[in-house]
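K.L.:
Pasting the sequence and the predicted coordinates here, then a few questions.
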Amino acid sequence: MNSSSLLLAIDSGNTILKWGLHDGRQWQARGSVSQSERISLQQAWSALPVPAHILVSNVAGSQTADELAAWLARWPIQPEWVRSRASQCGVINRYTNPEQLGCDRWAALIAAWHKLQRACLVVDVGTAMTVDALSSTGEFLGGIIVPGPDTMKQTLAERAEAFAIPVSGNFQDFPVNTGNALFSGIIQALAGAVERMYNQLCDSRQKEMAAEVIMTGGGAALLSPHMRIPHRIVDNLVLEGLVVMARAQARPQAAD
């Protein structure tokens with residue numbers, strides 16, 4: 001890609017849809033909207049220049065895909081819908097069925113490998129929290145999926161009569177009221193899942209440097225202060241992965 005071949009990258013998640021227009025060097029425009037209000041994208045995209053490439057990661061279902069396809073038809077280019085592969089951009093997918101891996105997880109793994117080129121955990125804290133392990137040779141070893149913080153709160157709120165108290169509070173190491181106990185339990189469960197996966201990855205790589213941890217997603221900032229392992233937050237990791245994919249696809253064309 002170069003500045004004259006614009007990429008429209010779209011990360012359509014379960015709750016939030018993020019998008020960005022990239023010129024091959026940097027983002028020219030970015031935005032996000034809740035899936036319940038995604039119709040507003042029609043107006044936001046009407047002001048954009050014609051992209052040369054459209055890459056979409058969609059995990060929000062077929063109805064969302066159909067609506068996006070209709071709105072993207074304003075431009076004379078077919079969008080490419082990302083699917084996980086056995087290998088791509090230096091990452092090897094060890095899922096039993098590679099295509100079963102969520103395309104958003106795949107894009108995030110590719111972005112993380114492109115940034116680090118070393119063993120790492122990729123933690124996406126959204127509607128669900130995924131914790132995925134990459135080896136020092138770019139192998140996706142596997143990962144876990146657990147409910148994200150908002151999903152846990154919602155599940156508890158639906159059973160509020162059992163607690164007779166709102167699901168809200170502050171974090172405490174040793175909570176002394178029910179609200180704090182519920183909130184702290186959510187944080188401890190999520191942080192503990194990440195830390196266990198981190199320890200497992202480090203234990204499996206005893207002769208190597210300790211793995212790094214990249215966190216992304218809307219709940220990353222909530223969880224970050226309570227993590228007891230080194231980590232960094234990288235915003236829009238899925239979009240960054242889509243840029244890496246687009247560059248890899250453009251490279252053979254540039255060589256012709």
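P.N.:
That came in fine, so what should we check first? Numbering: from 1, shown residues only.
K.L.:
Name the spans of this structure whose pLDDT lies under the cut-off.
P.N.:
Within the chain, the stretches with pLDDT under 70 are 1-4, 160-168, 205-209, 252-256.
K.L.:
Let's see that with 80 instead.
P.N.:
Scanning the chain for pLDDT under 80 picks out 1-4, 157-168, 205-210, 251-256.
K.L.:
What are the boundaries of the strands in it?
P.N.:
Under the criterion DSSP state E, the chain contains strands at 7-12, 16-22, 27-34, 53-58, 80-81, 87-88, 91-93, 120-125, 128-134, 139-147, 212-216, 232-233.
K.L.:
I'd like these as CSV, with mean neighbour count and distance to Pro225 appended.
P.N.:
Any C-beta I mention is one placed from the backbone N, CA and C, and that applies to glycine too. CSV is the format used below for these (neighbours: other C-beta atoms under 10 Å; distance: least, C-beta to C-beta, whole Å):
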stretch, mean neighbour count, distance to Pro225
strand 7-12, 25, 25
strand 16-22, 21, 22
strand 27-34, 14, 23
strand 53-58, 22, 28
strand 80-81, 15, 36
strand 87-88, 16, 34
strand 91-93, 21, 30
strand 120-125, 26, 13
strand 128-134, 23, 16
strand 139-147, 17, 19
strand 212-216, 23, 12
strand 232-233, 14, 11
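K.L.:
Can you get me a residue count around the residue lying closest to Ala52 once chain neighbours are set aside?
P.N.:
Excluding its sequence neighbours, the residue lying closest to Ala52 (C-beta to C-beta, 6 or more residues apart in numbering) is Ser5, at 4.0 Å. Using other C-beta atoms under 10 Å, Ser5 has 16 neighbouring residues.
K.L.:
Tell me if I'm right that Ser5 and Gln249 touch.
P.N.:
No. Counting by C-beta atoms under 8 Å, Ser5 stays clear of Gln249, with 11.0 Å between them.
K.L.:
For the two, list the residues in contact with both.
P.N.:
Here Ser5 and Gln249 share the contacting residues His53, scored by C-beta atoms under 8 Å, 6 or more residues apart in numbering.
K.L.:
Dump the C-alpha coordinates for stretch 117-133 into PDB.
P.N.:
Extracted C-alpha coordinates of stretch 117-133, given in PDB (Å, rounded to 0.1, in the frame of the first residue of the first chain):
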ATOM      1  CA  GLN A 117       8.200 -10.900  17.000                       C
ATOM      2  CA  ARG A 118       8.500 -12.900  20.300                       C
ATOM      3  CA  ALA A 119       6.400 -15.000  22.600                       C
ATOM      4  CA  CYS A 120       3.400 -13.100  24.000                       C
ATOM      5  CA  LEU A 121      -0.100 -13.200  25.300                       C
ATOM      6  CA  VAL A 122      -2.700 -11.300  23.400                       C
ATOM      7  CA  VAL A 123      -5.600 -10.300  25.700                       C
ATOM      8  CA  ASP A 124      -8.700  -8.800  24.200                       C
ATOM      9  CA  VAL A 125     -11.100  -7.600  27.000                       C
ATOM     10  CA  GLY A 126     -14.500  -7.100  25.400                       C
ATOM     11  CA  THR A 127     -17.900  -8.700  25.600                       C
ATOM     12  CA  ALA A 128     -15.900 -11.900  26.000                       C
ATOM     13  CA  MET A 129     -12.200 -11.800  27.100                       C
ATOM     14  CA  THR A 130      -9.900 -13.900  25.000                       C
ATOM     15  CA  VAL A 131      -6.400 -14.800  26.100                       C
ATOM     16  CA  ASP A 132      -4.300 -16.200  23.300                       C
ATOM     17  CA  ALA A 133      -0.700 -17.400  23.400                       C
END
